[in-house]
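Peer 1: heads up, no residue letters with this:
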């Protein structure tokens, strides 16, 4: 996990922008700089009909149902005065394009007792409802709109931080930033969700999908939408946003200049452009001077095509990190053809040989990834680019790759480091926090 200084974030630049009116209707704006309009103000070009549906079932189900859903769109969705209008019925209006990390701007106006929402990556949802409807107070309606209502009870983001809805008849404005599953929501200028994980409603054992459609939900009452703009967030900015919005305090393990504070295979690593790089054709474990028990580490990783390395967790200072330490968290180019036949417990983020990480969340080879590792007792959690790809308990593991024992898996403390495997994998912005 290597790192170089990231580009300054431009999220929030929106506040300084004064949208210019491009259409005749009052309150209908052109896209701010850097954003693309999802709705052209005239027709439904770029959209199709789709109901609440597990995105994994779309390809199969759409063959039979897409004509029906499209007819529902034609019946229940109209365009009036530069706004999309739904009568409360029919299939949800759904973008043709799929999106990953985004900043989304959208205005809505609804009526009493209406209930709606915005699906992100085809998943429910940023909630919209009537905060005065007493019959739904038991569901949380009195707390207001904007939360990730389909998160599990008690989970971060399930309820809004503040009530920010405007009175009926007035337009409300959302700003939503989503990087990986990490989601922040502002309603009418007030933050209602702060850096919460959006759960995968369709399978809570899996992370939120890497990409998916945006959907405007219909739910029994008229709702209008306007000023729908999206900005796709590139990797460097996404990484910086993840760092800036994690409000915990960390201690730097790398000064960006040399390997002061590190021990082990120092001769097999080098400092290049503010990053730690394993020398090509060399390996061994480079590890922190200090030892840690429970901790959270965060860092950035750049894996070249076909690259292989690892994070040494609670490493004793000698031996193979995967076996002598608590574990080696694999660092690997998952898409390299030469690794196609690996055991699932050998891919990126996995506790090597013990617990498999979920694949599909690593950036392309040659791009920086942002990774956070939390170790508490016998448990280990890996968050990659904003999505939790591993959350397991090593004490419960009884089956090992090639039946190879892992004598170090029950260690309660040790060093943090990099387990080089001859490839020039790079790490930067390496930080740690003792728990």
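Peer 2: Structure received. All of these numbers come straight from a predicted model, not from anything done at the bench. Numbering: from 1, shown residues only.

Peer 1: List the contacts of the helix-or-strand element of the chain with minimal mean pLDDT.
Peer 2: In the chain, the helix or strand scored least confidently by mean pLDDT, DSSP states H and E is helix 58-76, which has a mean of 93. Identification of contacts with helix 58-76 by Cβ atoms under 8 Å, 6 or more residues apart in numbering yields 44, 47-51, 53, 86-91, 93, 122, 218. Backbone N, C-alpha and C define where each C-beta goes, glycine included.

Peer 1: Any of those residues buried? List them.
Peer 2: Burial by neighbour count, judged by 16 or more other Cβ atoms under 10 Å, picks out 44, 47-51, 53, 86, 88, 90-91, 93, 122, 218 from those.

Peer 1: can you give me the strands in the stretch 1-150 of the chain?
Peer 2: Applying DSSP state E, counting those that start in this stretch to the stretch 1-150 of the chain gives strands spanning 36-37, 47-50, 77-80, 83-86, 92-95, 102-110, 115-120, 123-129.

Peer 1: Summarise which helices and strands the fifth one is packed against.
Peer 2: It refers to strand 92-95. strand 47-50, strand 215-216 (3 or more Cβ pairs under 8 Å, 6 or more residues apart in numbering; DSSP states H and E).

Peer 1: Give me the sheet partners of the first one and which way each runs.
Peer 2: Right, strand 47-50. As defined by DSSP bridges, the strand partners of strand 47-50 come to strand 92-95 (antiparallel).

Peer 1: What residues of the strand it pairs with count as buried?
Peer 2: Here strand 92-95 shows 92, 93, 94, 95 as buried, counting by 16+ other Cβ under 10 Å.

Peer 1: Can I get those residues in CSV including distance to residue 262 and pLDDT?
Peer 2: As requested, the buried residues of strand 92-95 are exported to CSV (distance: Cβ to Cβ, whole Å; pLDDT from 0 to 100):
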residue, distance to residue 262, pLDDT
92, 52, 98
93, 54, 98
94, 50, 98
95, 47, 98
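
Peer 1: In this protein, where is pLDDT below threshold?
Peer 2: Where the chain drops to pLDDT under 70, the residues are 1-26.

Peer 1: Work out which residue lies at the spatial centre of it.
Peer 2: residue 180 (1.2 Å; Cα atoms, centre = their mean).

Peer 1: that older thread, and the contacts of helix 58-76, which is closest to residue 298?
Peer 2: residue 122 (28.7 Å; Cβ to Cβ).

Peer 1: Can you list phi and psi of the closest one for me?
Peer 2: Residue 122 adopts backbone torsions of phi 70, psi 20, taken as degrees, to the nearest 10.

Peer 1: change the start of the numbering to 293 and stick with it
Peer 2: New numbering, starting at 293: the last item is residue 414.

Peer 1: thinking it is in contact with residue 505, fair?
Peer 2: Yes: with contact defined as Cβ atoms under 8 Å, residue 414 and residue 505 form a contacting pair (4.9 Å).

Peer 1: and for those two, which residues touch both?
Peer 2: With Cβ under 8 Å, 6+ apart as the test, residue 414 and residue 505 both reach residue 347.

Peer 1: and residue 392, what does it touch?
Peer 2: So residue 392 contacts 413, 502, 503, 524 (Cβ under 8 Å, 6+ apart).

Peer 1: residue boundaries of the strands in the stretch 443-592 of the chain?
Peer 2: Secondary structure of the stretch 443-592 of the chain (DSSP E, counting those that start in this stretch): strands at 464-471, 474-479, 482-489, 507-508, 515-524, 543-544, 554-556, 561-564, 567-570, 575-580, 587-594.

Peer 1: mind checking which of these is nearest residue 432?
Peer 2: strand 482-489 (12.2 Å).

Peer 1: quick one: that closest one to strand 474-479, angle?
Peer 2: Inter-element angle recorded for strand 482-489 and strand 474-479: 170 degrees (by axes from the mean of the first three to the mean of the last three Cα atoms, to 10 degrees).

Peer 1: How about strand 482-489, which residues are buried there?
Peer 2: 483, 484, 485, 487, 488, 489.

Peer 1: what lines up beside it in the sheet?
Peer 2: Applying DSSP bridges, one finds strand 482-489 paired with strand 474-479 (antiparallel).

Peer 1: which stretches of the protein form helices?
Peer 2: Taking DSSP state H, the helices of the chain run over residues 350-368, 527-537, 613-616.

Peer 1: Just want the angle from the second one to strand 587-594.
Peer 2: Counting by the same axes, to 10 degrees, helix 527-537 points 160 degrees away from the direction of strand 587-594.

Peer 1: Now do helix 527-537 against strand 515-524, angle only.
Peer 2: Using the same axes, to 10 degrees: helix 527-537 against strand 515-524 is 110 degrees.

Peer 1: what's the angle between helix 527-537 and strand 464-471?
Peer 2: 110 degrees.

Peer 1: Would you mark the buried spots in helix 527-537?
Peer 2: Buried residues in helix 527-537 (16+ other Cβ under 10 Å): 527, 528, 529, 530, 531, 532, 533, 534, 535, 537.

Peer 1: repeat for the first one
Peer 2: By neighbour count, with 16+ other Cβ under 10 Å as the criterion, the buried positions of helix 350-368 are 350, 357, 361, 362, 364, 365, 368.

Peer 1: Can you add distance to residue 665 and give the strands of the stretch 293-442 of the chain back as TSV?
Peer 2: Shown next, in TSV, are those (distance: least, Cβ to Cβ, whole Å):
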stretch	distance to residue 665
strand 328-329	35
strand 339-342	37
strand 369-372	45
strand 375-378	43
strand 384-387	34
strand 394-402	26
strand 407-412	26
strand 415-421	25
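
Peer 1: Out of those, flag the one nearest residue 725.
Peer 2: Across these, closest to residue 725 is strand 394-402 (Cβ to Cβ), at 28.1 Å.

Peer 1: how distant is that closest one from the center of its chain?
Peer 2: Its chain's C-alpha centre and that of strand 394-402 lie 19 Å apart, by Cα atoms, centre = their mean, to the nearest Å.

Peer 1: contacts for it?
Peer 2: Contacts of strand 394-402 (Cβ under 8 Å, 6+ apart): 303, 306, 319, 324, 327, 375, 408, 410, 412, 420, 422, 460-470, 506, 513-525.

Peer 1: Give me the PyMOL select line for the residues you listed, limited to the buried ones.
Peer 2: Buried residues within the contacts of strand 394-402, by 16+ other Cβ under 10 Å, are selected in PyMOL with:
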select buried, resi 303+306+324+327+375+408+410+412+420+422+463+464+465+466+467+468+469+470+506+513+515+516+517+518+519+520+521+522+523+525
